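Participant: just need the structure, nothing else, for what follows:
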Amino acid sequence: MIGNIHFLGFMLLREPEWDQEAFFARLKDKWDIEPQDLDSKDEEKIFVFDAGNYRVSLAFYPAPIPDGEAEQNAAFNYLWHDAQQEVAKHTAQIVVSVSNGMDTMERAKVFVKVCESLIDDNTIGIYTNGTVYAPDFYRQNAELMKSDALPLLDFVWLGLSNAEGVLRGYTMGMENFKKLEMEFLNFSGNPHEFLSFMLAIVSYIIEGDIVLNDGETIGFSEEQKFKITLSDGIEFNDRKTLKIDCKL
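Facilitator: Numbering: from 1, shown residues only. Coordinates of the predicted model:
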């Protein structure tokens with residue numbers, strides 16, 4: 001179905017500098033991650049280390065992401081006013097990758113912990129899951145792990161689109177958990193209710209490692225039986241998605 005995928009993200013930096021010492025200190029002090037087999041290359045611009053069973057790679061580049069890619073995707077963050085204008089100010093990046101290990105959930109947690117530890121006053125945003133997260137939003141969700149909850153909104157971006165006055169929703173990041181991305185159609189509530197509904201579905205699938213199939217239904221009560229259909233993506237032009245028709 002979906003192959004083994006590295007968790008990948010880009011820390012967007014205001015100035016072309018990186019306080020590596022502060023990063024490693026925060027990673028240890030806050031998340032109790034002590035890098036093993038640490039290897040640095042190219043005058044300490046590239047770091048590779050093990051965090052338990054997971055391989056973490058960090059690469060610092062004193063240049064922005066080319067072709068305005070980050071700015072274009074920042075437009076999808078409807079929670080961050082002026083996201084595109086702020087993201088356009090980044091002059092450097094740190095590429096973050098977490099791979100290896102058999103437990104996808106633990107790999108996801110390590111990825112969020114590493115990204116959270118990289119956030120400082122020089123961080124403009126975190127580009128992952130098809131959009132750019134505001135640092136405070138990303139950090140706030142990462143904090144949930146301190147109480148053994150999952151940072152679901154850091155794991156998966158819940159997108160909203162409006163076509164001819166009809167609100168649609170979609171996920172970005174489910175493929176990291178070897179699940180198909182989803183699109184939500186015909187929801188009759190307000191945007192806040194819509195996001196809560198989508199988050200509940202994402203939580204159910206990720207936490208329970210559930211696989212949804214074409215032709216099934218899903219819901220949270222006897223009355224709710226939302227049809228699931230597998231077909232070409234509406235918001236995605238390069239893959240099939242699971243459509244959940246939210247019309248009762």
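
Participant: how about residues contacting the helix ranked longest in the chain?
Facilitator: If each helix of the chain is counted by residues according to DSSP state H, the longest one is helix 191-208. Outside helix 191-208, the residues within contact range by Cβ atoms under 8 Å, 6 or more residues apart in numbering are 105, 150, 152-153, 155-156, 158, 160, 167, 169, 171, 174, 177, 179, 182, 184, 187, 189, 210, 212, 218, 220, 244, 246. Where C-beta positions appear, they are placed from N, C-alpha and C, glycine not excepted.

Participant: list the ones among the residues you listed that fall in helices.
Facilitator: Using DSSP H, the members of those that fall in helices are Met105, Leu152, Leu153, Phe155.

Participant: what's the spacing between the closest residue to Ile218 other than its chain neighbours and Met182?
Facilitator: Leaving aside its sequence neighbours, Ile218 sits nearest to Phe226 (Cβ to Cβ, 6 or more residues apart in numbering; 5.4 Å). Taking Cβ to Cβ, to the nearest Å as the measure, Phe226 falls 11 Å from Met182.

Participant: what is the burial count for Asn63?
Facilitator: No Asn there; residue 63 is Ala. 10 (other Cβ atoms under 10 Å).

Participant: break this protein into its domains for me.
Facilitator: 7-148, 156-245 (automatic domain parsing).

Participant: where among those domains is the average confidence lowest?
Facilitator: Comparing mean pLDDT across the domains of the chain, the weakest is domain 156-245, with a mean of 92.

Participant: that one: end-to-end distance?
Facilitator: Start and end residues of domain 156-245 are separated by 20 Å (Cα to Cα, to the nearest Å).

Participant: returning to that earlier point: of the contacts of helix 191-208, which belong to strands?
Facilitator: If you go by DSSP state E, these have Leu158, Leu160, Leu167, Gly169, Thr171, Met182, Phe184, Ile218, Ile244 in strands.

Participant: could you identify the most distant pair in these?
Facilitator: Pairwise distances across the ones in strands among the contacts of helix 191-208 (Cβ to Cβ) peak at 19.6 Å, for the pair Leu160 and Ile218.

Participant: can you map out the strands along this structure?
Facilitator: 7-13, 36-41, 46-51, 54-61, 92-99, 123-128, 131-133, 157-163, 166-172, 182-185, 217-218, 226-232, 240-245.

Participant: so who does the nearest residue to Gly233 once chain neighbours are set aside touch?
Facilitator: Take Gly233 and drop its neighbours on the chain: the residue closest to it by Cβ to Cβ, 6+ apart is Thr241, 4.3 Å away. By Cβ under 8 Å, 6+ apart, the contact set of Thr241 is Tyr170, Leu180, Glu181, Met182, Glu183, Leu230, Ser231, Asp232, Gly233, Ile234, Glu235.

Participant: which of the residues you listed lies closest to Glu43?
Facilitator: Nearest to Glu43, judged by Cβ to Cβ, of the contacts of Thr241 is Glu181 at 39.1 Å.

Participant: ok so, going back, show me which of the ones in helices among the contacts of helix 191-208 are buried.
Facilitator: The neighbour-count criterion (16 or more other Cβ atoms under 10 Å) marks Leu152, Leu153, Phe155 among these as buried.

Participant: alright, I will stop here.
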